[in-house]
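> Dropping a prediction and its sequence here:
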Amino acid sequence: MIVQRFLRPLTASALVAACALSSLSAAHAADTDQTKPDLPRSMTWSSYDVGSAGYAEASAIADAFGRKYGTRIRIQPSGSAIGRLQPLLLGRAEVGYLATETFFASEGAADFATRRWGPQDLRAVAGRPSSFGVFTAKDAGIESLKDLKGHRFAYVAGNPSINVKCDAFLAFAGLTRDDVEPVMFPTYNAAMSSLAQNQADASCTTTTPSQVYELAESPRGIRWLEVDPNDKAGWDRLKKVAPFFQPYRETIGAGLSEDNPVDILAYRYPVLTVKADTDDDFVYNFIKALDQAYPMYKDGTSVMKRWKLDRAGTPPIDVPFHPGAIKYLKEKGIWTDEMQAWNDQRLARLNALKAAWKDAVAEGEGKSDEAFADIWAKHRQQAIDSL
């Protein structure tokens, strides 16, 4: 712009100087953008247990942080939603690589609807788009979601993030848990491995954990069940159970390829989650490091390219984005007015639920847990309806 605006009055030597100055300014801007983020010497992250996609991705990013910035990362895995969330809430982990427990915890829903929990004040840093589907053993003879009726379906104890999603798939087909033979396993790893071990016939997860590849290579084989994006009645039933899902055609995962895609669902996983009161500068530097280190971890798994911030740093997501993340996303030219409007609405919903929780706790004082559950359900729905 400088050269174009002043081209005619400039002498040749002045033009050279102007060009040099412009080049230096551009180089300085690039250098500023790549300044080393201010990270702690060590961090703890919580994640799904070993063997999960979330653990593999957290490990790849941790390795990149270590090599690029010298930051030591300890990953604390857990097969349960509460086991992943507690370290974050207790200050024993700075960041959680969480799944849909982020949504449930912020809503005071599922396992988080008890007096001990209620709506949790959480914020997102980023979260890559992720597909999710029902997989079955090929030899089980299950070719559609409706065919799940009467078959063994693996669930994970204390994990609403998985279990509610599984229920949503059943709802799409007009089924409930009563229509299948639910088999409860103590950990995510055990549930996902149960099909290859012939302890279950179906379950639901992302398309890339090690256990689904093991099933695909086992004598039983693997099949992913289609979710027709044009089945409006099915989607209406599904969204009553899990409103955060959208249709998605997946080509990456066990038994999948460009030539063998499947229509399933999409949400965000892992969701990099922090507490609302986490320091803005820490979050800003963390997402900056996530962005700068991207070339070092993007090939860590087949789906990690989706961590690029123009995809992973955008709503919708399970909870509002943290201000420190928004600051960096604005600097990168990613954050828009429409995204801010979404964030404001999501924050208003969370604040309304927190206020409703206080009213429900006051009304439920001295009453049984069963009575309190009904009281909270009433206040929660009133808060949502008021928005």
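Received it, and whenever you're ready, just let me know what you need.

> OK, contacts around T176?
Counting by CB atoms under 8 Å, 6 or more residues apart in numbering, T176 makes contact with D167, L170. Every residue, glycine included, has its C-beta placed from N, CA and C.

> Check T100 too.
Contacts of T100 by CB under 8 Å, 6+ apart are P160, S161, V164, K165, A242, F244, Y267, Y269, D318.

> For it, give me the pLDDT.
With respect to pLDDT, T100 has a value of 89.

> And it, its phi and psi?
phi -70, psi 0 (degrees, to the nearest 10).

> Among the contacts of T100, show me the least confident.
Lowest in pLDDT among the contacts of T100 is S161, which has 80.

> Tell me if that residue really is in a strand.
No - according to DSSP: H, G, I helix; E, B strand; the rest coil, S161 belongs to no strand; its state is helix.

> surely I142 meets G150?
No - between I142 and G150 there is no contact under CB atoms under 8 Å: 9.9 Å.

> So between these two, which is more surrounded?
Set I142 next to G150 and count neighbours by other CB atoms under 10 Å: I142 wins out with 22 against 11.

> Counting by contacts, list what the longest helix seen in the chain packs against.
Across the chain, the longest stretch assigned as helix under DSSP state H is helix 337-363. Judged by 3 or more CB pairs under 8 Å, 6 or more residues apart in numbering; DSSP states H and E, helix 337-363 is in contact with helix 101-107, helix 323-331, helix 369-385.

> need those in JSON lines with mean neighbour count, can you?
Converted to JSON lines, the helices and strands packed on helix 337-363 look like this (neighbours: other CB atoms under 10 Å):
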{"stretch": "helix 101-107", "mean neighbour count": "26"}
{"stretch": "helix 323-331", "mean neighbour count": "19"}
{"stretch": "helix 369-385", "mean neighbour count": "15"}
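
> got those as a markdown table, with distance to M184 columns?
Converted to a markdown table, the helices and strands packed on helix 337-363 look like this (distance: least, CB to CB, whole Å):
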| stretch | distance to M184 |
| --- | --- |
| helix 101-107 | 17 |
| helix 323-331 | 36 |
| helix 369-385 | 21 |
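
> so which of those comes closest to P119?
Of all the helices and strands packed on helix 337-363, helix 101-107 sits nearest to P119, with 5.8 Å by CB to CB.

> hang on, the earlier thing: if we take the contacts of T100, which one ends up nearest to A137?
For those, the nearest to A137 is K165 (19.2 Å; CB to CB).

> Which strand runs longest in this protein?
Across the chain, the longest stretch assigned as strand under DSSP state E is strand 122-137.

> how about low-confidence regions in the stretch 1-150 of the chain?
By pLDDT under 70, the weakly predicted segments of the stretch 1-150 of the chain are 1-33.

> mind running it again at 50?
Low-confidence segments of the stretch 1-150 of the chain, defined by pLDDT under 50, span residues 1-32.

> Please narrow the contacts of T100 to those residing in helices.
P160, S161, V164, K165.

> List only those of these flagged as buried.
P160, S161, V164, K165 (16 or more other CB atoms under 10 Å).

> between those residues, which is closest to I222?
K165 (18.1 Å).

> Roughly how far does S203 sit from E250?
S203 sits 16 Å away from E250, going by CB to CB, to the nearest Å.

> and those two? which has more neighbours close in?
S203 (27 against 21).

> For the more buried one, give me its contacts.
S203 neighbours (CB under 8 Å, 6+ apart): V134, F135, F153, A154, Y155, C166, A191, M192, S194, L195.

> and of the residues you listed, the nearest to V95?
M192 (23.7 Å).

> Check what pLDDT the residue nearest to the closest one when sequence neighbours are not counted gets.
Nearest residue to M192, sequence neighbours excluded (CB to CB, 6 or more residues apart in numbering): Q211, at 3.6 Å. Predicted confidence (pLDDT) for Q211: 94.

> what about Q211, how many residues close to it?
23.

> correct me, but C204 touches S161?
No - applying CB under 8 Å, one finds C204 not in contact with S161, separated by 10.7 Å.
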